[in-house]
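# Have a look at this prediction, sequence included:
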Amino acid sequence: MAPRRRRLSRSAEFERVYRQGRSKGNRYLVLYAFPRDEDTSAREEEGPRLGLSVSRRIGGAVDRNRVKRVLREAFWAEAERLPEGSDYVVVARPDSRDLAEREGADGVRTALAELVDALGGAPA
């Protein structure tokens, strides 16, 4: 059996993370974290799952897709520091477009790492 994609796709999954999860934010991003139920984790034997929220305030489709691509790359680079059975939603703030253009994945990873540390990710 092929492994499932490690991402949030349904609106209900996003809502659960927003309403019941913890969050930390900075100038560029907001990171929401929510531990999944034990039965869900056992059934899906997978690591953290990611959801992205990049609104039109970021810019046009080209800008939004660039920001999403860089966010995915930065998130999965930080994923080894995150607890296995948790869901995460990263919300891009308008300044994240400038950060992604100016510093690329390294700059976004630094901003994301700051939030992971603030939420109590595994020590580096």
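Right, received. Where do you want to start?

# make it CA atoms for all contacts and neighbour counts henceforth
OK.

# now the strands for this structure?
22-25, 29-35, 49-53, 86-92 (DSSP state E).

# can you pull the buried residues of the third one?
Meaning strand 49-53. For strand 49-53, the neighbour count (16 or more other Cα atoms under 10 Å) marks Arg49, Leu50, Gly51, Leu52 as buried.

# wait, which of the residues you listed is closest to Trp76?
Trp76 lies nearest to Leu50 out of these, by Cα to Cα, at 8.9 Å.

# what's the longest helix in the protein?
helix 95-119 (DSSP state H).

# Quick one: list the elements packing against that one.
With contacts taken as 3 or more Cα pairs under 8 Å, 6 or more residues apart in numbering; DSSP states H and E, helix 95-119 sits against strand 22-25, strand 29-35, helix 61-78.

# For Leu115, grab the count of nearby residues.
Residues lying near Leu115 (other Cα atoms under 10 Å) number 20.

# what residues are up against it?
With contact set as Cα atoms under 8 Å, 6 or more residues apart in numbering, Leu115 has these partners: Lys24, Gly25, Asn26, Val30, Leu31.

# Which pLDDT value belongs to the third one?
If I follow you right, that is Asn26. The per-residue pLDDT reported for Asn26 equals 96.

# give me phi/psi at it?
When read as degrees, to the nearest 10, the backbone of Asn26 gives phi -140, psi -170.

# burial measure for it, as a count.
The local packing of Asn26 (other Cα under 10 Å) involves 12 other residues.

# dump the residue contacts of it.
With Cα under 8 Å, 6+ apart, Asn26 has these contacts: Ala111, Leu115.

# Distance check, it against Gly60.
With distances taken as Cα to Cα, to the nearest Å, Asn26 is found 23 Å from Gly60.

# Also the first one?
Spatial separation of Lys24 from Gly60 under the definition Cα to Cα is 26 Å.
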